[in-house]
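Chemist: Below are the sequence and a predicted model for it; my questions follow.
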Amino acid sequence: MPTGRIEKLVHLTLQSAASADCSPALKGYGYIAADGERIYFEPKAVKLYLFDDLQPGQEVEFERDPKYAIAKSVEVKGEMVHPPDPVLGGQVE
């Protein structure tokens, strides 16, 4: 798998007026710098950790879509500066 560094993370908080609960849903996206290219990724592509746990400058491995500059999966390579507990199975309870 190719490697790169997280270049930018954008966190968006969206709240639906039609939702029964008032808790906002976290949304966002990020970019990976790899071989002079910017690779886009969404929070659902992050494996083992949550999107919120990522930090700019972190080294990651990713699986790139063959047609577009989009990462289908993103995994942290090496150790995190302040590692959170891994999320097993990619699900948050």
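Modeler: Looks like it came in fine.
Chemist: For residue 34, give me its contacts.
Modeler: 2, 3, 4, 5, 62 (Cβ atoms under 8 Å, 6 or more residues apart in numbering). All C-beta atoms are positioned from the backbone trio N, CA, C, and that covers glycine.
Chemist: Surely the last one is in a strand?
Modeler: Yes: remark: residue 62 belongs to a strand, assigned using DSSP: H, G, I helix; E, B strand; the rest coil.
Chemist: Tell me how far it lies from residue 68.
Modeler: 13 Å (Cβ to Cβ, to the nearest Å).
Chemist: of the two, who's got more company?
Modeler: residue 62 (24 against 10; other Cβ atoms under 10 Å).
Chemist: Tell me who's in contact with that one.
Modeler: 1-4, 32, 34, 39, 41, 45, 71-75.
Chemist: Just the ones in strands from those, please.
Modeler: Secondary structure defined by DSSP state E assigns 3, 4, 32, 34, 39, 41, 71, 72, 73, 74, 75 of the contacts of residue 62 to strands.
Chemist: Bridged to the last one, which residues?
Modeler: To tie it back to what came earlier, the one meant is residue 75. residue 61 (DSSP bridges).
Chemist: That one: neighbour count?
Modeler: Neighbours of residue 75 using other Cβ under 10 Å come to 16.
Chemist: So it sits against residue 54, correct?
Modeler: No: the pair residue 75 / residue 54 is not scored as a contact, 10.8 Å apart, by Cβ atoms under 8 Å.
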